[in-house]
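Peer 1: mind folding the following:
(one chain, ligands or ions: 1)
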Amino acid sequence: MHLGRVCGSRGRLALVYRPSMLPLAYPSGNRPMAIHASGVKKLLVSCPLTSPAHARVDSTSASERSMPNMPATEMPVDKSESRVRDMFRQVAPRYDLMNHLLSLNIDRYWRWRAVRRLALIDDSPILDVCTGTGDLALAIGRRVGPGVPVIGSDFCGAMLRIARDKQARQRSAPDADERPAVDGPVQFLEADSQSLPFPADTFQAVTVAFGLRNVTDTDRGLAEMTRVCKPGGQVMVLEFSNPTLPGFRQLYQWYFAHVLPRIGQALARNDKDAYRYLQKSVGQFPDGPRLVERMVAAGMTRVSYRPLTGGVATIYTGYKPEPVGGERTIPRGGVR
Ligand SMILES: C[S@@+](CC[C@H](N)C(=O)[O-])C[C@H]1O[C@@H](n2cnc3c(N)ncnc32)[C@H](O)[C@@H]1O
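Peer 2: Got it, this is the predicted structure:
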């Protein structure tokens with residue numbers, strides 16, 4: 001989750017690790033997902049599930065338990081599905097408020113930049129995974145208009161309920177801030193990003209904003225995004241990163257360690273665990289060239305990245321290769 005826009009670097013924060021805080025075991029969380037969006041059902045019925053049946057590995061909690069001497073900040077963060085889903089279920093009602101407040105609204109700008117970088121190739125659908133409360137999916141819907149179906153998927157029903165309510169609110173009472181959504185509404189559906197209920201080569205673009213970091217198996221999440229993307233289509237990741245500029249980096253770490261938790265706790269008293277998770281997950285997530293490598297390994301080509309706001313966040317883009325000898329797909333409006 002991204003309740004704030006700052007991160008700690010590994011080994012710098014004095015977090016106290018208590019093994020008793022870790023659950024002994026997490027259920028696999030590998031439940032089949034309900035499909036809520038009726039418009040999407042049609043698409044699914046005609047297209048049988050094609051996701052490979054991967055074994056689910058709750059490696060993080062096990063590895064935390066098996067490394068008792070490791071400093072807390074170095075412990076792999078527990079990103080088991082059940083833990084992540086439960087955490088977002090708890091913070092869902094306050095998620096948007098906290099996001100905008102703690103980022104000083106810069107998160108809206110980052111999503112706007114992401115939408116601008118979308119490379120559209122035709123009228124086929126666009127998928128936003130880990131859509132949460134739907135901000136990126138709704139912004140994409142506004143950009144592409146009613147002719148292009150947009151789907152937002154997430155495995156946390158509580159977050160999706162807020163996305164649906166937001167869309168309904170925007171459509172009925174648009175104001176300066178919440179502009180009306182497109183005529184053809186965004187469809188929100190419950191699905192695990194590690195086994196998406198779509199056939200291969202379906203979407204002209206697949207996006208994720210501040211979600212990939214939370215997916216238990218990053219590589220599997222990237223592979224699924226690539227699988228459902230059409231050849232020539234774009235995969236985009238917007239994610240926190242670690243600023244590298246001396247001075248700014250230290251300021252950012254100080255804000256993360258001292259300011260953000262205090263504001264956060266004053267506003268949302270029960271979210272201590274979420275802040276601890278936020279710090280660790282951002283600090284431990286691969287950024288810059290390291291994430292580029294993972295995107296290439298997932299099968300993407302022409303992968304590049306652009307840091308935003310001094311490197312606090314970064315937009316990564318890659319493309320699904322087209323078959324050898326096939327025609328190159330030119331994005332609508334040219335290549336940017
Ligand atoms: C930090 S929120 C980001 C929400 C939204 N994209 C945004 O820009 O604000 C991360 C979201 O990822 C979702 N998520 C994490 N792991 C997931 C998974 N394996 N499958 C589907 N959703 C997942 C969570 O439920 C949560 O809603």
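
Peer 1: next secondary structure element downstream of the helix or strand that Gly152 is a member of?
Peer 2: Gly152 is part of strand 150-154, with elements assigned from DSSP states H and E. The first helix or strand that comes after strand 150-154 along the chain, using DSSP H and E, is helix 157-172.

Peer 1: please save the CA atoms from that following helix in PDB.
Peer 2: In PDB, the C-alpha atoms belonging to helix 157-172 read as follows (Å, rounded to 0.1, in the frame of the first residue of the first chain):
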ATOM      1  CA  GLY A 157     -13.100  -6.800  -2.400                       C
ATOM      2  CA  ALA A 158     -13.100  -4.000   0.100                       C
ATOM      3  CA  MET A 159     -10.800  -1.900  -2.100                       C
ATOM      4  CA  LEU A 160     -12.900  -2.600  -5.100                       C
ATOM      5  CA  ARG A 161     -16.100  -1.600  -3.400                       C
ATOM      6  CA  ILE A 162     -14.600   1.800  -2.900                       C
ATOM      7  CA  ALA A 163     -13.600   1.900  -6.500                       C
ATOM      8  CA  ARG A 164     -17.100   1.100  -7.600                       C
ATOM      9  CA  ASP A 165     -18.600   3.700  -5.300                       C
ATOM     10  CA  LYS A 166     -16.200   6.300  -6.500                       C
ATOM     11  CA  GLN A 167     -17.100   5.600 -10.100                       C
ATOM     12  CA  ALA A 168     -20.800   5.900  -9.300                       C
ATOM     13  CA  ARG A 169     -20.200   9.100  -7.400                       C
ATOM     14  CA  GLN A 170     -18.100  10.600 -10.200                       C
ATOM     15  CA  ARG A 171     -20.800   9.800 -12.700                       C
ATOM     16  CA  SER A 172     -23.700  11.200 -10.700                       C
END
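
Peer 1: mind listing what's buried in that helix?
Peer 2: 157-160, 162-164, 166-167, 170 (16 or more other C-beta atoms under 10 Å). No exception for glycine: its C-beta is placed from N, CA and C like everyone else's.

Peer 1: the ligand contacts on the stretch 51-200 of the chain?
Peer 2: Residues of the stretch 51-200 of the chain lying close to the ligand (C-beta under 6 Å from any ligand atom) are 81, 84-85, 88, 130-132, 135-136, 154-156, 159, 192-194.

Peer 1: residue contacts, the closest residue to the ligand within the chain?
Peer 2: Nearest to the ligand, among the residues of the chain, is Gly132, at 2.4 Å (C-beta to the nearest ligand atom). Residues in contact with Gly132 (C-beta atoms under 8 Å, 6 or more residues apart in numbering) are 88, 95, 154, 156, 159, 163, 210-211.

Peer 1: just Phe88 next, same as before
Peer 2: So, once contact is read as C-beta under 8 Å, 6+ apart, Phe88 ends up touching 1, 95, 132, 156, 158-159, 214.

Peer 1: the closest residue to Pro307 other than its chain neighbours sits in which helix or strand?
Peer 2: Here the nearest residue to Pro307 in space, its sequence neighbours aside, is Thr314; by C-beta to C-beta, 6 or more residues apart in numbering that works out to 4.9 Å. Take DSSP H and E as the rule and Thr314 turns out to sit in strand 313-319.

Peer 1: likewise for Leu136?
Peer 2: In this structure, Leu136 sits in helix 135-144 according to DSSP H and E.

Peer 1: which elements pack onto that helix?
Peer 2: Counting contacts by 3 or more C-beta pairs under 8 Å, 6 or more residues apart in numbering; DSSP states H and E, helix 135-144 packs against helix 106-117, strand 126-129, strand 150-154, helix 157-172, strand 203-209.

Peer 1: no further questions, thank you.
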